[in-house]
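# I would like the atomic coordinates for the input below:
(4 chains)
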2 protein chains.
Amino acid sequence: MVQKTGATDALIDEMGQMAFVTMAALSRVSSENGLSLTQLRMLGILRDREPRMADLANRLGLEKSTMSGLVDRAEQRGLISRSVSEDDARATHVALTKKGQQLASEIEAQVRVAFAPFIEPLDEKEQKKLHKLLKKSLSPEEKVSQNEE
Amino acid sequence: MVQKTGATDALIDEMGQMAFVTMAALSRVSSENGLSLTQLRMLGILRDREPRMADLANRLGLEKSTMSGLVDRAEQRGLISRSVSEDDARATHVALTKKGQQLASEIEAQVRVAFAPFIEPLDEKEQKKLHKLLKKSLSPEEKVSQNEE
DNA sequence: TATTGTTATACTCTATAACTATA
DNA sequence: TATAGTTATAGAGTATAACAATA
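Presented below is the predicted three-dimensional model:
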């Protein structure tokens, strides 16, 4: 069972709060660039891959039909392009266009600025400590199974 | 300007990653209860308030017209109720029903479970340290203004 | 006149189900 | 037959603009 303690509750609250403010920052960057948060994520994924539609949908946790619409709209804006797979004529690969690459770069810089208010209150040592703790918290290796102990 | 350093970039990456996994956890809890993430937030806000529509919209960062629809759907499900303000006949107050209160309580417990995988990799001392760092990072008091230095 | 909230309208995101083309 | 992707359809979330009721 999950213990209910004051300290843990405070941490949960802050993790939730941090999630909302950082997601709000990302949403703001998205809309300032005429993108949805999902499209922002999609561009981020495409920066170093040219996945199939199904792979992309999988990474974003979406249905393939949803993917078609998202890719349609980004393609109409000239940010990405589709191409038929050479291996399998049924499959479609998605890639950033030059314009899409440029936008993705600009967004990366904007995200850095958007996150600055959360980074700058911490000195360098604290930043490193936070980095370590978040890394450990996120570590998927030994994600505790939901068994009671 | 915002410095681009390896250490800071790693922290930004992790903050973004943490935001996505925690939001995913909250989204999962939401959908398991037949709610959208926005409705989850709305219930959370209403746990200790009976705000006006405009106040609620403001807290959620939404337009008042959007608020009408969200409240409509939650009201149809019997989770919240509307009442005309005694002070101002134009204003509508929103409150949780008994059913809404109960659901909000259940959700609180579910969120605790959903966040456990991120809490449990840390020992108690680390949890306290993370709590302190997040608190400092989030501290709104001296949010650095966007001036260059 | 100004403000509170709703309604009308439109677009994006999302899913399910049916479909087309290829394997 | 099975798989990859698209299309048709429907509902929720969102915003803008117009509106009704009240201040």
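# Let me see the ranges of the strands in chain A.
When secondary structure is read from DSSP state E, chain A shows strands at A:80-84, A:92-96.
# which regions of chain A sit below the pLDDT cut-off?
Scanning chain A with the threshold set as pLDDT under 70 gives A:1-4, A:140-149.
# switch to 90 and redo it
For chain A, applying pLDDT under 90 flags the ranges A:1-9, A:13, A:139-149.
# For the residue nearest the centre of it, which non-adjacent residue is closest in space?
Residue closest to the mean C-alpha point of chain A, counted by Cα atoms, centre = their mean, is A:Arg41 at 4.6 Å. If you skip the residues right next to it in sequence, A:Arg41 has A:Leu60 as its closest partner in space, 6.1 Å away by Cβ to Cβ, 6 or more residues apart in numbering or on different chains. Yep, even glycine has a C-beta here, placed from its N, CA and C like the rest.
# Over to A:Glu63?
Spatial nearest neighbour of A:Glu63, excluding adjacent residues (Cβ to Cβ, 6+ apart): A:Ala57 at 6.4 Å.
# Just put the strands of chain A in JSON lines and tack on mean neighbour count.
Below are the strands of chain A laid out as JSON lines (neighbours: other Cβ atoms under 10 Å in any protein chain shown):
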{"stretch": "strand A:80-84", "mean neighbour count": "15"}
{"stretch": "strand A:92-96", "mean neighbour count": "19"}
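# Compare those and give me the one nearest DNA strand C.
strand A:80-84 (8.5 Å; Cβ to the nearest atom of the strand).
# That closest one near DNA strand C at all?
No. Applying Cβ under 7 Å from any atom of the strand, one finds that strand A:80-84 is not in contact with DNA strand C, the shortest distance being 8.5 Å.
# pull the longest helix from chain A.
Using DSSP state H, we find that the single longest helix of chain A is helix A:6-32.
# just checking, A:Val29 touches A:Arg112?
No. In this structure A:Val29 lies outside contact range of A:Arg112 using Cβ atoms under 8 Å: 9.9 Å.
# So which of the two has more stuff around it?
Neighbour tally, A:Val29 and A:Arg112, criterion other Cβ atoms under 10 Å in any protein chain shown: the higher count belongs to A:Val29, 22 against 18.
# The more buried one and DNA strand C, how far apart?
Distance, A:Val29 to DNA strand C, using Cβ to the nearest atom of the strand, to the nearest Å: 14 Å.
# Next, the contact list for the closest residue to that residue other than its chain neighbours, please.
Leaving aside its sequence neighbours, A:Val29 sits nearest to A:Gln110 (Cβ to Cβ, 6+ apart; 4.8 Å). Contact partners of A:Gln110, counting by Cβ atoms under 8 Å, 6 or more residues apart in numbering or on different chains, are A:Val29, A:Glu32, A:Asn33.
# Flag every residue of chain A that's near DNA strand D.
Where proximity means Cβ under 7 Å from any atom of the strand, the interface of chain A facing DNA strand D comprises A:52-55, A:64-65, A:67-69, A:71-72, A:82, A:85, A:88, A:90-93.
# Can you tell me which of those are buried?
Among those, the ones that count as buried by 16 or more other Cβ atoms under 10 Å in any protein chain shown are A:Arg52, A:Met53, A:Asp55, A:Met67, A:Val71, A:Thr92, A:His93.
# okay if I get those as CSV plus distance to B:Lys128?
Output for these, formatted as CSV (distance: Cβ to Cβ, whole Å):
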residue, distance to B:Lys128
A:Arg52, 45
A:Met53, 45
A:Asp55, 40
A:Met67, 42
A:Val71, 45
A:Thr92, 50
A:His93, 48
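# ok, and does stretch A:59-66 reach over to DNA strand C?
Yes. With Cβ under 7 Å from any atom of the strand as the threshold, stretch A:59-66 lies in contact with DNA strand C, specifically through A:Leu60, A:Gly61, A:Leu62, A:Glu63, A:Ser65, A:Thr66.
# Return the set of buried residues in that stretch.
Applying a neighbour-count criterion of 16+ other Cβ under 10 Å, the buried positions in stretch A:59-66 are A:Leu60.
# For it, measure first residue to last.
13 Å (Cα to Cα, to the nearest Å).
# ok, the residue nearest to A:Ala91 when sequence neighbours are not counted - contacts?
Take A:Ala91 and drop its neighbours on the chain: the residue closest to it by Cβ to Cβ, 6+ apart is A:Ser85, 3.8 Å away. In this structure, A:Ser85 makes contact with A:Arg52, A:Ala91, A:Thr92, A:His93, judged by Cβ under 8 Å, 6+ apart.
# What segments of chain A are helices?
Chain-ordered helices for chain A, with DSSP H as the definition, fall at A:6-32, A:37-46, A:53-60, A:64-76, A:98-119, A:124-138.
# which of the ones you listed is buried the deepest?
Burial of these is given as mean neighbour count (mean count of other Cβ atoms under 10 Å in any protein chain shown); helix A:37-46 ranks first at a mean of 19.
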